[in-house]
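>>> okay, here's the prediction I keep looking at, along with the sequence it came from:
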Amino acid sequence: MATEAVETARLVKLKSRREVAERTLEFEVEKPAGFTFKAGQYAEISWIDPAETDAEGNARVFSIVTAPSEDSLMFATRLRDTAFKRVLRQLPVGSTVKLDGPFGDFTLHNNVNRAAVLLAGGIGITPFHSIVRRAAKEKLAHKIFLFYANRRPKDAAFLDELQGLGKENPNFTFVPTMTARDLSKSEWAGETGHIDWAMIQRHLGAAGASGAGPIYYIAGPPAMVTDLRAMLNKAGVDDDDIRSEGFDGY
């Protein structure tokens, strides 16, 4: 017997928005009563009768950047010159939008004896932001290493917050790296260059060799995801220990 599809869409209000990096906007919508999700999942946001539209449509999916236990429901996106993003920048706070979800299984593994190595590029930080916030709030026992690549410090969303979480959570190691440091006027004393196996091993230490080894998670532009997966495979990491999510056109 056929089963009816479960309707998960809800109407919610746009509550706030702010720039969190150059060309990167964070926005908040109401968290509906009973809305639950796992850190790393995403939701779909749709405009209702927007002032403009284009061939890409009136809906986008965004990773949730807040932790499941928080009262707020926040997302972040790179700004492009599309009708959807122009509406996002101009829509009055308090406007009604459609929220659908949550979706996805890009979530932290359960086995606390295996470290989690998170490899993020640009806006690919969003699912990891939720995961590490959850880890700090719930005091998870997982050893978590987050490598976060951007061109310059001002391109790196949530940089200060993530550095703070690295000091707050003894099980969390944050490794930001800048790939175009010479183009930045800001001082930078951290890692530079693209994420590679040598960088990962430098920071992983004993956690990389203990037990069954880490689980690796990759999120970012599709080309970066492909390259990092190939790098991990070349280093001997099995595909069963790699999980990835590409962020295309964001």
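Received the coordinates, thanks.
>>> C-alpha only now, for contacts and for neighbours.
OK.
>>> how about the contacts made by residue 165?
132, 133, 136, 172 (C-alpha atoms under 8 Å, 6 or more residues apart in numbering).
>>> got a list of what the last one touches?
What that stands for is residue 172. 132, 143, 144, 145, 146, 165, 166.
>>> contacts only, for the closest residue to residue 105 other than its chain neighbours.
Distances taken as C-alpha to C-alpha, 6 or more residues apart in numbering put residue 41 closest to residue 105, at 6.4 Å, once the chain neighbours are dropped. Residues counted as contacts of residue 41 (C-alpha under 8 Å, 6+ apart) are 63, 64, 102, 103, 104, 105, 106, 107, 127.
>>> start and end of stretch 64-79, how far apart?
Chord length of stretch 64-79, first to last residue, is 17 Å (C-alpha to C-alpha, to the nearest Å).
>>> measure how far stretch 17-30 is from the centre of its chain, please.
13 Å (C-alpha atoms, centre = their mean, to the nearest Å).
>>> swap in stretch 59-69?
8 Å.
>>> that one: which residues count as buried?
61, 62, 63, 64, 65, 66, 67, 68 (16 or more other C-alpha atoms under 10 Å).
>>> equivalent analysis for stretch 192-203, please.
192, 194, 195, 199, 200.
>>> nearest to residue 51 among these?
Nearest to residue 51 among the buried residues of stretch 192-203 is residue 194, at 40.1 Å by C-alpha to C-alpha.
>>> any idea how far that closest one is from residue 186?
Residue 194 is 18 Å from residue 186, by C-alpha to C-alpha.
>>> the domain parsing of the chain - what is it?
10-103, 116-246 (automatic domain parsing).
>>> picking up where we left off before, show me which of the contacts of residue 41 is closest to residue 35.
Looking across the contacts of residue 41 and measuring by C-alpha to C-alpha, the closest to residue 35 is residue 102, at 8.5 Å.
>>> can you check the pLDDT for that closest one?
pLDDT recorded at residue 102 is 96.
>>> that's a strand at it, yeah?
Yes. Counting by DSSP: H, G, I helix; E, B strand; the rest coil, residue 102 is located in a strand.
>>> now for it, how many residues are close by?
21 (other C-alpha atoms under 10 Å).
>>> ditto for residue 71
12.
>>> on that earlier part again, can I get the contacts of residue 165 in JSON lines including secondary structure and pLDDT?
JSON lines is the format used below for the contacts of residue 165 (DSSP: H, G, I helix; E, B strand; the rest coil; pLDDT from 0 to 100):
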{"residue": "132", "secondary structure": "helix", "pLDDT": "98"}
{"residue": "133", "secondary structure": "helix", "pLDDT": "97"}
{"residue": "136", "secondary structure": "helix", "pLDDT": "96"}
{"residue": "172", "secondary structure": "strand", "pLDDT": "97"}
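>>> name the member of those residues that has the highest neighbour count.
Top of the contacts of residue 165 by neighbour count (other C-alpha under 10 Å): residue 132, with 28 neighbours.
>>> now render the buried residues of stretch 192-203 as CSV, adding pLDDT, secondary structure and distance to residue 221.
Output for those, formatted as CSV (pLDDT from 0 to 100; DSSP: H, G, I helix; E, B strand; the rest coil; distance: C-alpha to C-alpha, whole Å):
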residue, pLDDT, secondary structure, distance to residue 221
192, 94, strand, 19
194, 96, coil, 13
195, 97, coil, 13
199, 97, helix, 20
200, 97, helix, 19
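>>> out of these, which comes closest to residue 86?
residue 194 (31.2 Å).
>>> and residue 212, what's its pLDDT?
76.
>>> hey, where'd the helices end up in the protein?
83-90, 125-138, 159-168, 197-204, 222-234 (DSSP state H).
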